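> Need coordinates for the following:
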Amino acid sequence: NPFRPVPPQGLPGPRKRETAKQLHADITTFLKEIEPTEQCALQRAEIVEKVQSASQSLWSDAEVCAYGSSSTGLYLPHSDVDILVTNPHDLDPRHMLHSLARELKDLAWCSISSRIDKSAVPVLKLEVDVTFLDCYAGPSDDDCTSSRWASRPLKIPVDVTFHVTDKGKMRSMGVGYAPLASRDYVLAELAKCPEARALVLVLKQLMHNHNVNDPYKGGLASHSLMLLVLFWSRLFAQAGVKIDPELGHGERLMHLLRWLTEFPFGHVGIGMLSHSGIEYIPFTDVGVQLHQKYLKKQKYNKSLLTSRASRASLGGGIYVGDPLNSGINVAKGSFQWARVHAVLKHSYDTLLAFGASTPPSSRVFGGVPEMKSPLRTIFSAGGRA
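Next up, the predicted model:
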């Protein structure tokens, strides 16, 4: 039942448990490999300072702050730096975008990738060459021989967005959330549920490897992904599942992938209420029927999803409610949800099949099955997308 997705007894069967155990070990190693180095943190902080300097040379009272994954500790080596520029005089954000672009265009440390001035929130996309940053020291002797350094890019993408403080104007632009408030909300939720951090980082890497993470191309934005994980984490906490520490991250990820695969996102949205509450938001006739059946009998009528119209709705996007602004769908731009869903389903099916008997052709000398990594397998870009 996707409305109550976590069985109290945990993962059944020795094969699933062994997969979860391997997956937990893989995720633990992955988290160590992507842990930001001191130089990575300094580079991102300097980028914010440089954008602040350029912005305040144009508007002396402009406020410049980092938000998004760089400010919540949920960034991967390839993640961009999200920077918010706020002008207290509520200048036209599109005018601010082009003014800042002119200020930055001849500077050695960055190049302008694109100017997105037709969206609800104008974005100036930059690419920063870290070798031109003051804090860049190059790799140390230890770094040169480590996989950690090999995964650190010399170019960091940066998204600069422009914010207005007038709520009426913000609504007229179609902006339904305040980035800094959202940042603080995520930090508070992670403090209450630290286990969610590993799940978010793994899914962000999965979305990146399969090229379904760009919200400007209809992919799933990291903030939407974060809210999905936090929502599920509340359900998981309510179920009271006791997890073997050796299965930890692995068992949680398998339960989460199953929910993301089976929940009727084409018909029912999700939202987080204050404290530990959750809500379901049906937005189609099928969704209303599914939700009413669940409320009345605690049952899930899967047969309602067999119609052609119901299956077609998968491509219509999903609804993830903004916990800070009731009625706002933060995932409204994810029109490629069908591709995202295909990646999630393929990953879950792959993990379910993992650990099956290895055919002789895949065995190493002596007939011993070659050990594979379940995490590396689902990360492989050769999977369905």
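> hey, let's count contacts and neighbours off CA atoms from now on
OK.
> if I pick the residue nearest the centre of the chain, what's in contact with it?
By Cα atoms, centre = their mean, the chain has its centre lying nearest to S222, at 2.9 Å. The neighbourhood of S222, defined by Cα atoms under 8 Å, 6 or more residues apart in numbering, consists of K204, N213.
> G269: what secondary structure?
Put simply, G269 is strand when judged by DSSP: H, G, I helix; E, B strand; the rest coil.
> If we ignore the residues flanking it in sequence, what's nearest P374?
Spatially, and ignoring its direct neighbours in sequence, P374 is nearest to L23 (5.9 Å; Cα to Cα, 6 or more residues apart in numbering).
> Secondary structure element holding that neighbour?
helix 14-34 (DSSP states H and E).
> any idea of the mean pLDDT in that helix?
Helix 14-34 shows an average pLDDT of 92 in the prediction.
> Moving along the chain from it, name the first helix or strand you hit.
Downstream of helix 14-34 (by DSSP H and E), the next one is helix 38-58.
> Could you list the buried residues of that next one?
The neighbour-count check on helix 38-58 (16 or more other Cα atoms under 10 Å) flags C40, Q43, R44, A45, E46, I47, V48, V51, Q52, S55, Q56 as buried.
> K242 - how many residues pack around it?
Residues within reach of K242, counting by other Cα atoms under 10 Å, total 11.
> do the same with V343
Neighbour tally, V343, other Cα under 10 Å: 24.
> distance between stretch 58-77 and the chain's centre?
Put simply, stretch 58-77 sits 17 Å off its chain's centre (Cα atoms, centre = their mean, to the nearest Å).
> residues of it that come out buried?
59, 62, 64-72, 74-77.
> any idea which of those is closest to H95?
Distance to H95 across those (Cα to Cα) is lowest for W59, with 12.1 Å.
> isn't the closest one right up against N87?
Yes - applying Cα atoms under 8 Å, one finds W59 in contact with N87, separated by 7.5 Å.
> Tell me the predicted confidence for G277.
Looking at G277, the pLDDT reads 84.
> Could I get the contacting residues of it?
Contacts of G277 (Cα under 8 Å, 6+ apart): R234.
> Next one, pLDDT for R183 please.
89.
> show me what contacts it?
Y67, G68, S71, T72 are the contacts of R183 under Cα under 8 Å, 6+ apart.
> With A181 instead?
Per Cα under 8 Å, 6+ apart, neighbours of A181: L324.
> Mind putting the contacts of R183 into TSV with distance to F231 and secondary structure?
Shown next, in TSV, are those (distance: Cα to Cα, whole Å; DSSP: H, G, I helix; E, B strand; the rest coil):
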residue	distance to F231	secondary structure
Y67	21	strand
G68	18	coil
S71	21	helix
T72	18	helix
